[in-house]
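[1] Following is a predicted model, sequence given first.
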Amino acid sequence: MLSPFACESTELIAMRAVTTGTIESVGVRRGGHGTSAPKIDYSYTVDGRRHVSGQFAPGFLARKTTWTGGGGAASDYRAGQQVLVHYDPRRPQDACLAYGWHSWSVGLPLFFLGMGLQGWGERRGGRRGRMARVVGWTLVPLAVLCLFLTHDVLRPSDLPRAGAIAVAVLAARLLSQSFTRRADRLAGGRPLR
């Protein structure tokens, strides 16, 4: 489940060099069930050698698959536009336009991990079980944000905002849990109705 995220992270680390490039053509690749992906060809020069790429973002998901609303990213580009290209200095032919993780490679593992922690915490019980449920309930909203509100790619610059949302959700969950326990104690250990 985490392998797409790990592969994309490896590619992001490798694509640490930046140059300017030019958009050659813009289109949309259609998939089944109304899915799409941007099909953007761009050229860039590294050490006097011209390269052409069509890779939108790092990783398998951005290269080979389509996703709901994925073609919408193509509307941000037009032929002749100057763009920032991220590339691997050891292999300049490996490049991308959108430097970040594909929203599905982050959102899906977060969702399943969050749901799993909630289930495990429910079965485990006790303090560790409560903490697992709290963390699980923090990860699930982050997953939903990644899947449905992130514009195709979660960029490193989005991480502070995602962290702030996680802290807010975690704080709300901890406060809710604290009030519930206090109300149970006031009711003599019996749940309030």
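    Okay, I see it.
[2] In this protein, spot the strand with the most residues.
    strand 17-30 (DSSP state E).
[3] other SSEs contacting whatever helix or strand comes next after that one?
    Counting by DSSP states H and E, the element after strand 17-30 in chain order, helix or strand, is strand 36-46. Contacting strand 36-46 under the criterion 3 or more Cβ pairs under 8 Å, 6 or more residues apart in numbering; DSSP states H and E are the following elements: strand 17-30, strand 49-53, strand 82-88. From N, CA and C alone the C-beta is placed, and that goes for glycine too.
[4] With respect to Gly69, which of the ones you listed lies nearest?
    Across those, Gly69 has its closest neighbour in strand 17-30 (10.7 Å, Cβ to Cβ).
[5] and the angle from the closest one to strand 36-46?
    Angle, strand 17-30 to strand 36-46, by axes from the mean of the first three to the mean of the last three Cα atoms, to 10 degrees: 150 degrees.
[6] All further residue positions should be reported with the first residue as 321.
    From this message on, residue numbering opens at 321, which makes the last subject strand 337-350.
[7] Pull up the pairing partners for strand 337-350, direction included.
    For strand 337-350, the paired strands and their directions (DSSP bridges) read strand 356-366 (antiparallel), strand 402-408 (antiparallel).
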